[in-house]
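K.L.:
Fold the following.
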Amino acid sequence: MANLSLYTVTALLILDADGNRVLAKYYAPPHDTAGTFAAELGVGAGGPGQAGLQTLKEQRAFEKSVWEKTRRGAGDIHPLPPHLVLSRATTDLHFHIVGSLATSNELMLQGALTAFHDAVSLLLRGQIEKRNVLESLDLVLLAADETVDDGIILETDAAAIASRVSRPKPDTTDIVINEQTLLNAYSTFKERVTQRIGQL
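P.N.:
Coordinates of the predicted model:
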C-alpha cells in the first residue's frame, strides 16, 4: 500500500465568528478495512491523529478546542496535539483543515485549504459570508468533496474544483411576453382545437 499519510486529512471545518459549526466533514482512515493504516500511523479508529471524533459530542468538543486555539490569530498553523490545524479567516467565517501532527505535510494541507477557500470564493462570486455559504451549502459541500475525498486530498486547483461544482448557466435567450405574443398563442391554440374537433 502506498503511504498516503502525507495527503491525509482528519477534518475540514467552517466555523462562524462565534465558533459555531457551519460545515464539518470528518474523515476516517482511508481504505483501511483491516486497521493496518491506522496501526502504521499509530492512531485510533476516528481518523488520522485521533482516538475518537465519531460522535457529535466529541466533534463539538474538538471544534471548540480548535476555535479556542485559532481565534487568537497567532498565524495560520496551529499545533493541537495530536492534530495540526491550519486556518484561514474571512469576514465572519473561519476555514480549518485538520491533519495528523505526526505525519501531515503542512504544504499539502495549506494547498488543499487554499484551494477549497478559493473555490468557495469563485462559486459565491467573492461573497464569502455565513449567509451566502448557508444559502449555497450544496455547492460548498460539493467543493469540499471535490477537494478531499475519504480523507485524501484530491485537488489543489481552485478553478478545477469550481468548474466541476458550478451550476450550468441558464439559457440566455429571453422570451419577451407581450400582447402580441399572447394573441399569437391564443390564435394557435384556437386553430388546433378547431382542427381537433373537425377530426372527430
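K.L.:
lowest confidence element among the helices and strands of this protein?
P.N.:
When the helices and strands of the chain are scored by mean pLDDT, DSSP states H and E, helix 36-41 comes last with a mean of 45.
K.L.:
Would you mind identifying the next helix or strand past that helix?
P.N.:
Downstream of helix 36-41, the next assigned helix or strand under DSSP states H and E is helix 56-70.
K.L.:
Give the buried residues for that following helix.
P.N.:
By neighbour count on 16 or more other Cβ atoms under 10 Å, the buried set for helix 56-70 is 59, 62-63, 66-67, 69-70. Just so you know, the C-beta spots here come from the backbone N, C-alpha and C atoms, and that holds for glycine as well.
K.L.:
what packs against it?
P.N.:
Judged by 3 or more Cβ pairs under 8 Å, 6 or more residues apart in numbering; DSSP states H and E, helix 56-70 is in contact with strand 11-16, strand 21-26, strand 77-80, strand 83-89, strand 93-100.
K.L.:
Geometrically speaking, which residue is the centre of this protein?
P.N.:
With distances taken as Cα atoms, centre = their mean, the residue of the chain nearest its centroid is Ala144 (2.5 Å).
K.L.:
show me what contacts that one?
P.N.:
If you count contacts by Cβ atoms under 8 Å, 6 or more residues apart in numbering, Ala144 has them with 12, 23, 25, 116.
K.L.:
Provide the partner residues of the closest residue to the third one other than its chain neighbours in its beta bridges.
P.N.:
Think Lys25. Using Cβ to Cβ, 6 or more residues apart in numbering and skipping residues adjacent in sequence, the residue nearest Lys25 is Leu12, 4.7 Å away. Note on Leu12: beta-bridge partners by DSSP bridges are Lys25, Ile97.
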